[in-house]
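>>> Okay, structure incoming, though there's no sequence with it:
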Ligand SMILES: [Zn+2]
């Protein structure tokens, strides 16, 4: 006899499909006065004219839920005062100031998790709670972008206990590693951090790591690795993107690579001053992800890390997208490009979930 539960599954008309977005700067935006719980459209109404540093809002909890986004990797990001560009206030001069800024963002997420629609994901059990077709909640995995808030490598454990599950040592260069536009290897502290992160069970996010620090880290660190928001250098030749060699190395370590949906990372000649939003389309997203898949020899190592709200907005994302509710259109673009439904499901979320299940306690 069939169980009742098994029978009721057949009554579900729509298969359960979900999206994972591996990079959103939710707390940083909140520090700049954006309430994540408000829809992007409501934010736009409040921000007229749009703030030139933030761009036209694309992200809000309502759009993410509407768009079937069930998990986001949300950053703790503190801005260094010595950044060559990207002046953000407040910024940090000392490790303690970086720590304080990141703690504030952590408190924001803890507050946010009081909303019944949000769950902070710390374990595999939390993933199951979120990926439940009968409830509509957003799971948030905390990702520290730029490790300066970790005052000493031993403190990695304190952050883990506070809920952080992913750490990217670099943004620009940090006390730990060479980074975007500031090349260099791991520092002595950085080498120690790799060991502490592995012992603690943290995931290593290699986005923003300079090439020297990237390859050194892969030798020292034996835990799970990702690049939460990095595109292909072969199409956009700057040190912010991943070379083919870096992509292959990530794949060899069972990593997953999130493609960012910022036009400037999708096409090299795109400029924000262009009034030509339509120049970059989802075909560019498919092109980057297809390249990762070709290097991997399968479709199990690519995902999305939109970086929506990472200092740009609707004016700077592919033409078909307006808010996060449109992320599922990426699946349609892959369908038109001949990807199977299984491959699409993996790229939109399955690959990230598999990595999380392997990595989380
Ligand atoms: Zn970033």
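The structure has been received and is ready for your questions. Remember, predicted model here, so these are calculated numbers, not experimental data.

>>> can you map out the helices along the stretch 51-200 of the chain?
61-66, 95-112, 124-130, 156-161, 188-200 (DSSP state H, counting those that start in this stretch).

>>> and these as a markdown table, adding distance to residue 291?
All C-beta spots, glycine's among them, are computed from the backbone N, C-alpha and C. Below are the helices of the stretch 51-200 of the chain laid out as a markdown table (distance: least, CB to CB, whole Å):
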| stretch | distance to residue 291 |
| --- | --- |
| helix 61-66 | 27 |
| helix 95-112 | 33 |
| helix 124-130 | 29 |
| helix 156-161 | 33 |
| helix 188-200 | 28 |
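
>>> Run through the strands of the chain in chain order.
Secondary structure of the chain (DSSP state E): strands at 19-24, 69-76, 79-80, 91-92, 118-120, 138-145, 164-168, 177-179, 182-186, 203-205, 225-227, 256-259, 302-304.

>>> Does anything pack onto the last one? Which helices or strands?
Just to be clear, that refers to strand 302-304. Helices and strands touching strand 302-304, as assessed by 3 or more CB pairs under 8 Å, 6 or more residues apart in numbering; DSSP states H and E, comprise strand 19-24, strand 256-259, helix 282-296, helix 351-359.

>>> Now do that strand, average pLDDT.
In this model, strand 302-304 has a mean pLDDT of 98.

>>> chain center to it, what's the gap?
Put simply, strand 302-304 sits 10 Å off its chain's centre (CA atoms, centre = their mean, to the nearest Å).

>>> just the first one next, same as before
Averaged C-alpha coordinates place strand 19-24 at 5 Å from its chain's average position (CA atoms, centre = their mean).

>>> again with the second one
Remark: strand 69-76 is offset 7 Å from the chain centroid, using CA atoms, centre = their mean.

>>> mind listing what that strand pairs with, with the direction of each?
Strand 69-76 pairs in its sheet with strand 19-24 (parallel), strand 138-145 (parallel), by DSSP bridges.

>>> so can I have TSV of the strands of the chain showing mean neighbour count?
Listed next are the strands of the chain as TSV, based on neighbours: other CB atoms under 10 Å:
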stretch	mean neighbour count
strand 19-24	29
strand 69-76	28
strand 79-80	20
strand 91-92	18
strand 118-120	19
strand 138-145	25
strand 164-168	25
strand 177-179	27
strand 182-186	18
strand 203-205	27
strand 225-227	29
strand 256-259	30
strand 302-304	27
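
>>> So which of those is nearest residue 334?
strand 302-304 (10.2 Å; CB to CB).

>>> Make a markdown table from the strands paired with strand 69-76 and add mean pLDDT to it.
Formatted as a markdown table, the strands paired with strand 69-76 follow (pLDDT from 0 to 100):
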| stretch | mean pLDDT |
| --- | --- |
| strand 19-24 | 98 |
| strand 138-145 | 98 |
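
>>> how about these in JSON lines, adding distance to residue 350?
Output for these, formatted as JSON lines (distance: least, CB to CB, whole Å):
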{"stretch": "strand 19-24", "distance to residue 350": "8"}
{"stretch": "strand 138-145", "distance to residue 350": "15"}
